[in-house]
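> using only what follows, build the 3D model:
(chains A and B)
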Amino acid sequence: MDYTPHTEEEIQAMLERVGAGSLEDLYRHLPKEVLNPEISLPEPLPEWAVLEELKRLAGKNQPAFKAFLGGGVRSHHTPPVVQALASRGEFLTAYTPYQPEVSQGVLQATFEYQTMVAELAGLEVANASMYDGATALAEGVLLALRETGRMRVLVSQGVHPEYREVLRSYLEAVGAELITLPLEGGRTPLGEVPEGTGAVVAQNPNYLGALEDLAPLAERAHGVGALFVAVADPLSLGVLEPPGAYGADIAVGDGQTLGLPMGFGGPHFGYLATRKAFVRQMPGRLVSETVDAEGKRGYILTLQAREQYIRRAKAKSNITTNAQLTALMGAMYLAALGPLGLKEVALKSVAMAHRLWEILLEIPGVEPFTPKPFFNEFVLRLPKEPQAVREALAARGFHAATPVPKEYGENLALFAATELHREEDLLALQAAMREVLA
Amino acid sequence: MSYPLIFERSRPGRRGLRLVEETPEATRYIPEKFLRKAPPRLPEVDELTLVRHYTGLSRRQVGVDTTFYPLGSCTMKYNPKLHEEAVRLFADLHPYQDPRTVQGALELMWQLSEYLKALTGMDAITLEPAAGAHGELTGILIIRAYHEDRGEGKERRLVLVPDSAHGSNPATASMAGYQVKEVPSGPDGEVDLEALKRELGPHVAAIMLTNPNTLGLFERRILEISRISKEAGVQLYYDGANLNAIMGWARPGDMGFDVVHLNLHKTFTVPHGGGGPGSGPVGVKAHLAPYLPVPTVERGEEGFYLNFDLPKSIGRVRSFNGNFLALVRAWAYIRTLGLKGLKKAAALSVLNARYLKELLKEKGYKVPYDGPCMHEFVAQPPQGFRTLDLAKGLLEMGFHPPTVYFPLIVKEALMIEPTETESKETLEAFAEALGELLQKPREWLEGAPYTTPVRRLDEVRANKYPKLTYFDRE
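Prediction:
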């Protein structure tokens, strides 16, 4: 099976028309040294056997539905209505909307997505999406450095460690300096912002789950002419004060928490929102409203002079493919829930996380680490090595206790709860934890 | 009538999905000062309204599922429905769950790495990059780390790209902190070897090439190019956007390339999704393997695992395990076709392009670099016709136009990549349409399209006064 429609007769007729004797003939001008190499691949399988083999592989996994794992990805409900609508072939199999007359579906949906993201972030504009939260952060910081013309970045240790690693890779590439501001008592301190800093970065809720009051830090950043970049879980923004309200010039994050399948880490989407004044320095695609030849409203890619296929070496970023379809799923989720539904899901996860915190602390040897107030994730100090705890819990059918990197302390594990958890789920985890830690 | 925005369908108090029975009180857990003062202005719609809205939008959109979509360098081939079922089997895996509970996922990643290594002739691979351009950045950072490790980082500051290169190549080199220089193409459309020789030297870090190039031509002097690059200590980078033409027939690794990125969303049928998400694995030769981003997938005595222990790694380029569900689709594609099927698919992509090229020449279109094309070719309309008008005319005839005005070295370019999954009669109908357009009055062409959901849009206005959100009042 190769999905090609050609009959043997058609192939012969076409070969004749192009003056070739065989399919091999189409490659006869390639250097002989490289032609027809020995390649070892498994034999082709019929469709049912491919599925069978995939099911065999999937059978070696233990799905983490209702996981208590956190750290940037959580087990949330993916609404079938979102799945069904996003699976429509017109959305699934379209390319980048370069021909707006026949791409109004993707373009308008993106315009709506931009609006929803800007609303959540409390900022004026958002782009059409980035690969993930980590690269959205890196690109957001590069945007801040372009705006300020500076090459120094101050990042709170409260930002997800993987995001900081990706940020470091991107900043090293352009030769910018990255300074880490260590957490104090689980929160970002109001540290000194060195002169010449172009971007100050913090996350709320931070990696440990704690709520951060970032307005004073944002003010201090602005005081030295730096921009303030906030990392925020979009689900939390159904409840929490938006980054724009506490002084963020740029907000970024990962959209997985808006009902996207965890998918072992992707694809999800990254969002990037900012002030309209910075729009000409933004990376990635932007959709604008405009009118057509008859004055009818329509949507089109705009400010394309920022992008690689126009500006080449002088582009704001090399990003081309983004995460359009998964971003569309995020927008569908937000529209399906509305402001109230989003708030309910966020608050339910907060309530369940607090209840979980309470009952896990009843277990001897378990100590709190994340300070209150926290949101829907928290870190505990365990009396045993977290990797071993996670493994022992998995053997009992529970996915919990994300090991926290040692830079934050010894024997720390991250827990999360979501709208999927009931009281009995929490109690069952508590019982398993008692066994594992006994 | 304009198609309504979801915000215009919104009615205060209307509810769609309800996922929570009882809403807890926010202030019980969160101090007032952290809470939103006003709710976000998200749409308030019921589920049926939501379904009609997005179904309506989808009908204002074309894709491979609806329309011939011969976008050059984009490989808009059929995306098998099997793959959409396949990804559901892996949806509920968390990136931080115990590695013993994701052995199937890791095995799939490991197997896919082996398949991609075999198909590209490379020694090691990373599946982390999220897209082609992301793979480019990863690859160039690997090259940079290699030069730095050898003490040549300060000297090698330049990346060479042909003037026919994808825009992402120079943009990537800039992002990786390099200067960029364009090398002209020769009269045959291939890299001008003499011009390249003049540019090579100890100040050059890498050459980025696409092969077949963006004119659809195979760089026949590739072995000579790789030989002189190697002599000059320059790393050769393969942009995999056009791999579809040669998969199974020839491998970048055998041509002397040091780094390769693949676009799983082009060659390996991951759907483009209206612009993403994609996946851009990067393969490297052994001398560059120590610099791969973390984590890599390895097979150990106790099973498969993610390896973070690469002391010379360029670091992380993406969170978690890359666009894993895209990898599942590519795996399914390779297992369905096998080597024989992949070679046949590649050959038929070439045959379709050559056949269509002949049909278009017959209709009066010119092919300025008329060598033996591979999976795509670049045509020009006859004198007096504007490519933009022909593209818009094609929309009226029910086709998606080719890539237009690229590559930059061809004026009024129409870059056409039919792919192997299109039938002979579709190619013939497309050629007929392009032929008919040359018979249309100029005014008709300049006014096209007429019956699409919207007509030509005012791009200047959108650039001058961008309105980027519904609530933007400017």
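> show me the contacts for the nearest residue to B:Leu223 once chain neighbours are set aside.
When the adjacent residues along the chain are set aside, B:Leu223 lies closest to A:Pro31, with 5.4 Å between them (Cβ to Cβ, 6 or more residues apart in numbering or on different chains). All C-beta atoms are positioned from the backbone trio N, CA, C, and that covers glycine. By Cβ atoms under 8 Å, 6 or more residues apart in numbering or on different chains, A:Pro31 lies in contact with B:Arg220, B:Ile222, B:Leu223, B:Met255.
> state the pLDDT value of A:Pro31.
According to the per-residue confidence, A:Pro31 scores 98 in pLDDT.
> can you say which of the contacts of A:Pro31 are buried?
Buried by 16 or more other Cβ atoms under 10 Å in any protein chain shown: B:Arg220, B:Ile222, B:Met255, out of these.
> what sits against the residue lying closest to B:Val87 once chain neighbours are set aside?
Distances taken as Cβ to Cβ, 6+ apart place B:Leu325 nearest to B:Val87, at 4.5 Å, with adjacent residues excluded. Under the criterion of Cβ under 8 Å, 6+ apart, the contact list for B:Leu325 reads A:Pro261, A:Gly263, A:Phe264, A:Gly266, A:Pro267, B:Val87, B:Phe90, B:Ala91.
> for the closest residue to the last one other than its chain neighbours, which residues are in contact?
Spatial nearest neighbour of B:Ala91, chain neighbours left out: A:Pro261 (3.8 Å); criterion: Cβ to Cβ, 6+ apart. If a contact means Cβ under 8 Å, 6+ apart, then A:Pro261 has A:Thr78, B:Ala91, B:Asp92, B:Leu325 as its contacts.
> next, count neighbours for B:Leu359.
Residue crowding around B:Leu359 was assessed by other Cβ atoms under 10 Å in any protein chain shown; the count is 18.
> hang on, B:Asn463 packs against A:Leu301?
No. Checked against Cβ atoms under 8 Å, the pair B:Asn463 and A:Leu301 is beyond contact range at 10.1 Å.
> which neighbours do those two have in common?
When contacts are counted by Cβ under 8 Å, 6+ apart, the set common to B:Asn463 and A:Leu301 consists of A:Ser288.
> so which of the two has more stuff around it?
When B:Asn463 is set against A:Leu301 and neighbours are counted by other Cβ under 10 Å, the residue ahead is A:Leu301, at 22 against 15.
> correct me if wrong: A:Val50 contacts B:Ile334.
No. Counting by Cβ under 8 Å, no contact exists between A:Val50 and B:Ile334, whose distance comes to 9.8 Å.
> who's more crowded, the two?
Under the criterion of other Cβ under 10 Å, the comparison of A:Val50 against B:Ile334 puts B:Ile334 first, with 25 against 22.
> what pLDDT, on average, does the longest helix along chain B get?
In terms of residue count, the longest helix belonging to chain B (DSSP state H) is helix B:324-362. When pLDDT is averaged over helix B:324-362, the result is 98.
> equivalent analysis for stretch A:313-330, please.
Mean pLDDT, computed over stretch A:313-330, is 94.
> span of that stretch from start to end?
32 Å (Cα to Cα, to the nearest Å).
> swap in stretch A:33-45?
End-to-end distance of stretch A:33-45: 30 Å, with Cα to Cα as the criterion.
> pretty sure B:Gln380 contacts B:Pro368?
Yes. Proximity of B:Gln380 to B:Pro368 meets the contact threshold set by Cβ under 8 Å, at 6.1 Å.
> what is in contact with those two at once?
Common neighbours of B:Gln380 and B:Pro368 are listed as B:Val410 (criterion: Cβ under 8 Å, 6+ apart).
> doesn't B:Asn323 make contact with B:Gly278?
Yes. Contact criterion Cβ under 8 Å: B:Gly278 and B:Asn323 qualify, at 7.1 Å.
> for these two, work out which one has more neighbours and name it.
When neighbours are counted by other Cβ under 10 Å, B:Gly278 and B:Asn323 differ, and B:Asn323 comes out ahead with 36 against 29.
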